[in-house]
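In: have a look at this fold, sequence not included:
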């Protein structure tokens, strides 16, 4: 396990993420807004415009050793839960940079994490791109199976 970053290095990562988000807001039409958590939260909530799932949020959080990221795919499906979970577990096998997760209440997320030492423009692009892709590719299928 990587050693935790000292406060100055962690602050530098957060500053880098801030600058990257500012740049992406100006250049990426799918990124439509951002909210920053409080000073002790180390959190950003990116507002994303999708095509299939029209709007969703991506959470980025700087922890002591890693950048954690997630988006909510759907709330707990009332139908076909086992079939949906099995489908997404099989899809996890081919995914890179993120995986489907099931929360305690049954909601489905796409999430992952990387070491803070790996945070750069390319990794942030890859993270947001992967969460966007996996959400867009799977939302309609999960919605159809679990909510209709």
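Out: That came through, no problem. Quick caveat: nothing in here was measured; it's all calculated off a predicted structure.
In: so where's this structure shaky on pLDDT?
Out: Within the chain, the stretches with pLDDT under 70 are 1.
In: now the most centrally placed residue in the chain, what's its secondary structure?
Out: With distances taken as C-alpha atoms, centre = their mean, the chain has residue 70 as the residue nearest its mean C-alpha position (2.8 Å). Taken by DSSP: H, G, I helix; E, B strand; the rest coil, the conformation at residue 70 corresponds to strand.
In: nearest spatial neighbour of it, chain-adjacent residues omitted?
Out: Residue nearest to residue 70 in three dimensions, not counting chain neighbours: residue 111, with 3.6 Å by C-beta to C-beta, 6 or more residues apart in numbering. In this view, the C-beta of every residue, glycine as well, is placed from N, C-alpha and C.
In: quick one on the thing from earlier: residue contacts, the residue nearest to the centre of the chain?
Out: Applying C-beta atoms under 8 Å, 6 or more residues apart in numbering to residue 70 gives the contacts 58, 59, 101, 109, 110, 111, 112, 131.
In: check residue 99 too.
Out: 92, 110, 111, 112.
In: could you give the number of residues near the first one?
Out: Looking back up the chat, that one is residue 92. Per other C-beta atoms under 10 Å, the neighbour tally for residue 92 reads 14.
In: quick check: closest non-adjacent residue to it.
Out: Counting by C-beta to C-beta, 6+ apart, the nearest residue to residue 92 once its immediate chain neighbours are dropped is residue 99, at 4.7 Å.
In: and the one you found, how far is that from residue 107?
Out: Remark: distance between residue 99 and residue 107 (C-beta to C-beta, to the nearest Å) = 15 Å.
In: which of the contacts of residue 99 lies closest to residue 2?
Out: Of all those, the one with the least separation from residue 2 (C-beta to C-beta) is residue 112, at 15.6 Å.
In: what's the first helix or strand after the helix or strand the closest one falls within?
Out: Using DSSP states H and E, residue 112 falls within strand 108-115. Proceeding C-terminally, strand 108-115 gives way to helix 121-147 as the next helix or strand, assigned by DSSP H and E.
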